[in-house]
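>>> Generate a structure from the sequence data that follows.
(2 chains)
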Amino acid sequence: MTMVKALNSALDNAMEKDDSIILLGEDVGIDGGVFRVTDGLLNKYGKSRVMDTPLAELGIIGFGIGMAMEGLKAIPEIQFQDFLYTGMDQIINQMAKLRYRTNGDYTLPMVLRTPYAGGVHGGPYHSQSGEVYFTHTQGLTVVTPSNPYDAKGLLLSSIELNDPVIFLEPKRSYFIKGEVPEDYYKIDLRKANVVKEGDDLTIITYGPSVPLVNNTVNKNNVNADIIDLRTLNPFDLDTILKSVKKTGKVLIVHEAPKMFGVGAELAATIAERAIDYLSAPILRVTGLDIPVPFALEDYYVPNERRIMEAVNKLLNYQ
Amino acid sequence: MIEKTDIGKEELLTGYRNLVMERFMDKKLLNASKQGFLPFYIPLMGHEAIHIGIGLALRDNDYFYPYYRDFGTVLQKGIPLDMIMSQVFSTQDDNELGRDMPDHFSFKKYNIGAVITPVAGHLTSATGIAYAYQYRKKEGSIIATFGDGATSTPDFHVAMNFAGVYNLPMVFFCENNGFAISVPTYPTENGAFDQTYEETRGQIYKKAEAYGFNGIRIDGTNFVEVYRQTRKALENAKNGPILIEAMTYRMGPHSTADDPNKYRTNTVTEGSEKDPVIASQKVLKDMGILDDKAIESINDEMDKKSTDLINKYEKEPKPDKHTILDNLYEENPWYIDEEKGDIQ
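Presented below is the predicted three-dimensional model:
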C-alpha cells in the first residue's frame, strides 16, 4: 500500500484500540485530509473523534495540547508544515516544556502530524523542510519515516509514547508503495534503520531523501552503508558511530538547507567522537540555502549527480 | 443592595481571611524580592477580590487554568500552604523543583493548570481541556483567567472562537486591571483615559458576542459579587461558554522589573474606597458578617502568619542541582545523560 494508506491504517488501528485518541485539523473530516491520510475515519469514528477545526494552526495545536493535559491523546494534523508557524509558540513554549517545567506534574502524550519537504511543486509555502525548528527545541521527539512500512510502525510507536512527537511526513513519498501489514505493529523510535550495508562509506539520510539515496547507490553500485535515521531527535548515535568506524568516510544527505541543519549536528557529533577513524572530510549534499523556488524546484533539491560527485570525492580522497 | 447568596457566612468569612492573607503575603513577598530572597515577583494588589471570589466559586469538579497573578485563588481553593509556599520560594519540596517562576503553579491533582508566562499562552489549552470534559461527559466547567493585555493576542481570539464553535463548558475570565505593564487597556493621550474609545470599541466583555456567546462586566473589587457571578457562570457554562470582564485596578507595579511612577499616577491607593480589601469589608459589614473588632484581629493574625511563613520558606533548601536534567522526557536521550558530568 502507499504511505498515505499506511498512515491511515495506523490511525485506524490505534483509534479502534483506544477511544481517547482524537484527530483534529483543517479538512481532516469530511474531506479526509488534503492528502487523504484521514480518509474514511470520520464515517467510522464520528465527528467527536475526527474534528474539522476552524482555520487556525495556533488553535489546532493549543486545543490538542489541552486535550492531552486532560487525558485524551490528540493527533493534530497541520495541513502543510509551512503553515504551522502561527502555532510555533504553542509548540515551543507549551508542548515542549510542559513536562520539564512542571517536573512531570503534567505530561503530553500527543503526535503532531504534518507533511513537509518538496515534491509537489508547491513553491515557498508548500515545500519547506523545517525540521531543525523542532530538533532544536528541547523536549520534542522528531520522527520522519521514509517508506510505507516505517510510516505505520513509527506512527503507532509515536502514538504510544508518553511525550509529544513531531511527526514529519515526506509528501514526495506519500504515494510510493510497499508491503504494509494490516495489523498493529511498532518500530523502535530510538533505532536508526540500516537500509543497506557496504564498506566504502557511510551515507546518513532520512525522510524524503532516503529513496533518492537508495536509488543512486543501487544504480551506481556504490558499496555504502545507508543509514535512515527515522528519528532525528534523539538520533541513534550508536548505529552511526559503528558504521563510521567501519568505513571512515561520511556523506550526509538531506533536503533541508545546509547551513545550521541536521547535517551540521551529525558532522560535529561524529567529529567529536570518531575523528581518528575518519580518512576524509565529512561531506553534505542538501537543499540549497534559499527558499524553495516554485518553477525551478528541481534545482533546489539534492539529486543523483550531486550525490555521486560527493561519493566520488570521498572514495578518491587521498 | 446585597442580595441573598447561596453561600454561608462561615465561607464568606474564610474568604475575607484569605483576602487579607493574600494582601499581607503580596506586600511581604514584594519586600522579600527587594531584599534578594526572591529573584522575581509578580505583585497582585488590587486583584484580591477577584481571586477570592473565583476560589470560592470553584467546585472540585471544576478546572481552573490560572495566569501568573492568581496566588489568592489557589489559596482560597484550598491547595496546601506548603505546596504553594514551596513553589513560590523554589524549595526542594516544590513539585516543579524550582523550574518555573513564583506563582507559576501546576497542581494537576487539584484540577489546576500549569501557569505559563507568555501572555494568553494557556487559553487554547484551556479550551482543549474543556473539550476533553465535553467528550468524556465530565461534571464541571473550565475557567481560565487572564489580564486585559491578553485580549489583544491571537491566542485569546482563537480560544474564544474554538469555544464558541464547539460550545464548550468554558468560562473566560478577564481580570481587567487597566494596564498591560505600562500600556493602558484603552488608548490614551498624555496618560488621559479615553472614554470615547472605551465606550465604543474598548469594552472587552462585548467581544464575546462576535463568537456567539454572552459576555458580562462585573465589579472586581467585591469578592461576594465575583463569587456570585463566577458560580453562576460555571453553572451556565454547561450550556456553552461565557466571558466575564471583572473591573479592578492594578495598585502595584506589573512585576519587580517596572516602576509605575514612570507611566501613570496611581488612581486607586491602599485604603481607598476602591481598594478590594476596603470594598469587601464594606459588603461584609453590611451583611452583618464583619465588624471593626474582627477586622483588627484578622489583620493581626494574618500579619503574623504571613511573616512566619515567609521566614520559614525563604530559609528552606533549594532543589538538588543534579535534578535539573531530570524529566525532560519520560526516557531522557543519551546526550542528556552525558551532560550530567557538566554539573559540578
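>>> what residues does the stretch 101-250 of chain A put near chain B?
A:101-107, A:138-139, A:141, A:161-163, A:190, A:233-234, A:237 (CB under 8 Å from any CB of the partner chain). Using the backbone N, CA and C atoms, a C-beta is placed for each residue, glycine as well.
>>> Filter these down to just the ones in helices.
Counting by DSSP state H, the part of those found in helices is A:101, A:237.
>>> Restricted to strands, list the residues of the stretch 101-250 of chain A next to chain B.
Among these, DSSP state E puts A:141, A:233 in strands.
>>> PyMOL command to pick out the buried ones of the residues of the stretch 101-250 of chain A next to chain B?
To isolate the buried ones among these in PyMOL, judged by 16 or more other CB atoms under 10 Å in any protein chain shown, type:
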select buried, chain A and resi 101+102+103+104+105+106+107+139+141+161+163+190+233+234+237
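>>> What distance do you get for the residue of the stretch 101-250 of chain B found nearest chain A to B:Thr151?
Residue nearest to chain A within the stretch 101-250 of chain B: B:Gly128 (2.0 Å; CB to the nearest CB). The gap separating B:Gly128 from B:Thr151 is 20 Å, by CB to CB, to the nearest Å.
>>> Tell me which of these two has more neighbours.
Taking neighbours as other CB atoms under 10 Å in any protein chain shown, B:Gly128 and B:Thr151 compare with B:Gly128 leading, 31 against 25.
>>> excluding its backbone neighbours, what's nearest the residue of the stretch 1-150 of chain A found nearest chain B?
Relative to chain B, the nearest point of the stretch 1-150 of chain A is A:Gly66 (2.0 Å; CB to the nearest CB). Nearest non-adjacent residue to A:Gly66, counting by CB to CB, 6 or more residues apart in numbering or on different chains: B:Gly128, 2.0 Å away.
>>> Just the pLDDT for that neighbour.
B:Gly128 carries a pLDDT value of 98.
>>> can you tell me which residues contact it?
For B:Gly128, the contact set (CB atoms under 8 Å, 6 or more residues apart in numbering or on different chains) comprises A:62-70, A:74.
>>> which parts of the stretch of helix or strand it belongs to are buried?
Assigned by DSSP states H and E, B:Gly128 belongs to helix B:123-136. Residues of helix B:123-136 classed as buried: B:123-135 (neighbour count, 16+ other CB under 10 Å).
>>> Would you mind splitting chain A into its domains for me?
The record assigns chain A these domain ranges, following automatic domain parsing: A:3-173, A:193-315.
>>> Just name the most buried of these.
Most buried of the domains of chain A, by mean neighbour count (mean count of other CB atoms under 10 Å in any protein chain shown): domain A:3-173, with a mean of 22.
>>> Need the distance between the two termini of stretch B:90-102.
Stretch B:90-102 has an end-to-end distance of 7 Å (criterion: CA to CA, to the nearest Å).
>>> Looks like A:Gly198 contacts A:Asn221 (just checking).
No - look at A:Gly198 against A:Asn221 with CB atoms under 8 Å: they stay out of range, at 9.8 Å.
>>> For the lengthiest helix in chain B, name the packing helices and strands.
The residue-count maximum for a helix in chain B (DSSP H) belongs to helix B:9-34. Here helix B:9-34 touches helix B:48-57, helix B:71-77, helix B:223-236, helix B:276-286, helix B:292-313, going by 3 or more CB pairs under 8 Å, 6 or more residues apart in numbering or on different chains; DSSP states H and E.
>>> Run through who's touching the fourth one.
Which is helix B:276-286. B:2, B:12-13, B:16, B:19-20, B:23, B:46-50, B:52, B:219-225, B:248, B:270-273, B:290-291, B:295.
>>> circling back to that earlier point, the residue of the stretch 1-150 of chain A closest to chain B against B:Thr127, yeah?
Yes - counting by CB under 8 Å, A:Gly66 does reach B:Thr127; the two are 6.0 Å apart.
>>> tell me the mean pLDDT over the strand ranked longest in chain A?
Criterion DSSP E: the longest strand present in chain A is strand A:250-257. Strand A:250-257 comes out with an average pLDDT of 98.
>>> Taking the centroid of chain A, which residue is nearest it?
A:Thr144 (1.8 Å; CA atoms, centre = their mean).
>>> What pLDDT is listed against that residue?
98.
>>> How about the one 3 residues further on?
Per-residue confidence at A:Asn147 stands at 98 (pLDDT).
>>> any idea of the mean pLDDT for the helix of greatest length in chain A?
As assigned by DSSP H, the longest helix anywhere in chain A is helix A:3-17. The pLDDT scores in helix A:3-17 average 98.
>>> Can you confirm whether that helix lies near chain B?
No - figure legend: helix A:3-17 not in contact with chain B (CB under 8 Å from any CB); closest approach 13.5 Å.
>>> and that helix, C-alpha only, in CSV?
In CSV, the C-alpha atoms belonging to helix A:3-17 read as follows (Å, rounded to 0.1, in the frame of the first residue of the first chain):
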residue,chain,number,x,y,z
MET,A,3,2.5,5.7,2.6
VAL,A,4,-0.8,7.6,2.8
LYS,A,5,-2.7,4.3,3.2
ALA,A,6,-0.2,3.0,5.7
LEU,A,7,-0.6,6.2,7.8
ASN,A,8,-4.4,5.8,7.5
SER,A,9,-4.2,2.2,8.6
ALA,A,10,-2.0,3.2,11.6
LEU,A,11,-4.6,5.8,12.7
ASP,A,12,-7.4,3.3,12.2
ASN,A,13,-5.7,0.6,14.2
ALA,A,14,-4.9,3.0,17.1
MET,A,15,-8.3,4.6,17.2
GLU,A,16,-10.0,1.2,17.2
LYS,A,17,-8.0,0.2,20.3
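>>> Would you write a PyMOL line that selects the buried entries of the contacts of helix B:276-286?
Selecting only the buried members of the contacts of helix B:276-286 in PyMOL, with burial defined as 16+ other CB under 10 Å, works like this:
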select buried, chain B and resi 12+16+19+20+23+46+47+48+49+50+52+219+220+221+222+223+224+225+248+290+295
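>>> For the residue of the stretch 1-150 of chain A closest to chain B, give me the pLDDT.
98.
>>> now whatever helix or strand it lives in and helix B:123-136, what's the angle there?
Assigned by DSSP H and E, A:Gly66 belongs to helix A:57-69. Interaxial angle, helix A:57-69 versus helix B:123-136 (axes from the mean of the first three to the mean of the last three CA atoms, to 10 degrees): 50 degrees.
>>> B:Glu139 reaches B:Asn61, doesn't it?
Yes - under the contact definition of CB under 8 Å, B:Glu139 touches B:Asn61, with a separation of 4.3 Å.
>>> Does chain B have contacts with stretch A:73-80?
Yes - residues of stretch A:73-80 contacting chain B under CB under 8 Å from any CB: A:Ala74.
>>> what is the rounded mean pLDDT of that stretch?
For stretch A:73-80, the mean confidence score works out to 98.
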